[in-house]
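**Q** Got a predicted model here, sequence first, then my questions.
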Amino acid sequence: MANKRLERFAHNLDWNLLRTFAVVVEEGSITAAASRLLLQQPAVSMALKRLEETTGHRLIDRRPGRFEMTEAGERLYRQARDIFAAVVRLPDTLEGAGADITGHVSVHAVSHVHHPGWDERTARFFAAHPKVTMNVTIETTADVISSVERGIASIGICDGIIPDHLAKVPYKLERYALYCGAGHRLFGVEGASLNDLRGDPYVAFTADVLGGQHMNAVTAVRAVGSFGQEVRAVSSHVEEVIRMVAANIGIGMLPNHLVRPWVEAGRLWQLPPYGSLPVSEVFLISNPNAMLNPAEQAFVAVMEGLELFEDETVDQFG
């Protein structure tokens, strides 16, 4: 009897409602979900209502000023996410039926996290499996984590706080320091203090949000030092943040190994704090519950045991 009830539920369920619900959760509002789905807001609201009627549970608490998943909503979202991850991977799963490993590998990463070991192993992988294809997508920390969770990314490379249900391996350490451009009043000044910087406009990485869910060591230094409160510009790309700081749009925390040429060229200058500079830890992340195609399985296996890479600037400061 229970099996028949479950079969009837699966037969009556409109699977498009699950997709709409998943997008509503990911976007955090019905309005944003409607924009992403190219639908009118009432249509999304009606879809959510129909799904709640089908499941017999309230899925999202939508009172004024409140938009949170209920316990039932959280459980359904986890299942829906796994369902769509499996659907996304169906073509690659079928392609992997031949003798040679084929399929597509999708890497989602934050920008400029070079690791020589990654390059060496990737070259070895494609020499062994020439029929595999790959794409690399640059995203924010939050988007990389979300892509790995949803099974869109085979593997992710990012910093931040990695959820417990994802597998993570330390990948790289990067030392950051605070810099200003040549037009800043403290450019070339030795021995400046943090008090001199209070109120200065700041250029931040998209994920570098005070109090945000992915706060890292760089954000923590901002909080303790009480600088960078006024964020004037943001970007998820390192090169754009460097250029905006050099253009004197604001001061910013930048990775030392990437800005050295800018400092030597007289376009950037290091500001306080000078000691105990933050080290950002970058991780290689994957989803143990994802249904990987043969190419993805082989690629993840190749990257296992990759040694932690430390930029030479990491050990220069106390």
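**A** It's in.

**Q** who does the longest strand anywhere in the chain pair up with?
**A** With secondary structure taken from DSSP state E, the chain has its longest strand at strand 167-181. Partners of strand 167-181 in the sheet, by DSSP bridges, are strand 252-255 (antiparallel), strand 268-271 (antiparallel), strand 279-286 (antiparallel), strand 309-310 (parallel).

**Q** mind putting the ones you listed in CSV, mean neighbour count and distance to residue 119 included?
**A** The C-beta positions use only the backbone N, C-alpha and C, and glycine is treated the same way. Shown next, in CSV, are the strands paired with strand 167-181 (neighbours: other Cβ atoms under 10 Å; distance: least, Cβ to Cβ, whole Å):
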stretch, mean neighbour count, distance to residue 119
strand 252-255, 25, 18
strand 268-271, 21, 27
strand 279-286, 21, 14
strand 309-310, 16, 11
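
**Q** Quick one: those strands as TSV, columns for distance to residue 227 and mean pLDDT too.
**A** TSV is the format used below for those (distance: least, Cβ to Cβ, whole Å; pLDDT from 0 to 100):
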stretch	distance to residue 227	mean pLDDT
strand 252-255	10	93
strand 268-271	9	96
strand 279-286	18	92
strand 309-310	26	86
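
**Q** Tell me where the stretch 1-150 of the chain has helices.
**A** With helices called from DSSP state H, counting those that start in this stretch, the stretch 1-150 of the chain shows them at 2-12, 15-27, 30-37, 41-55, 71-88, 90-95, 116-128, 141-149.

**Q** now the fourth one against helix 30-37, angle please.
**A** What separates the directions of helix 41-55 and helix 30-37 is an angle of 100 degrees, with axes from the mean of the first three to the mean of the last three Cα atoms, to 10 degrees.

**Q** Likewise for the longest one?
**A** Angle between the axes of helix 71-88 and helix 30-37 is 10 degrees (criterion: the same axes, to 10 degrees).

**Q** And helix 71-88, what does it pack against?
**A** On a contact count with 3 or more Cβ pairs under 8 Å, 6 or more residues apart in numbering; DSSP states H and E, helix 71-88 meets helix 15-27.

**Q** and the helix it packs on, what other elements does it pack with?
**A** helix 30-37, helix 41-55, helix 71-88.

**Q** got a markdown table for those helices, with mean neighbour count too?
**A** A markdown table is the format used below for the helices and strands packed on helix 15-27 (neighbours: other Cβ atoms under 10 Å):
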| stretch | mean neighbour count |
| --- | --- |
| helix 30-37 | 17 |
| helix 41-55 | 16 |
| helix 71-88 | 16 |
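
**Q** Now do the spatially closest residue to residue 55 that is not a sequence neighbour against residue 83, distance only.
**A** Once flanking residues are discounted, residue 55 sits nearest to residue 76: 6.7 Å by Cβ to Cβ, 6 or more residues apart in numbering. Residue 76 sits 10 Å away from residue 83 when distances are taken as Cβ to Cβ, to the nearest Å.
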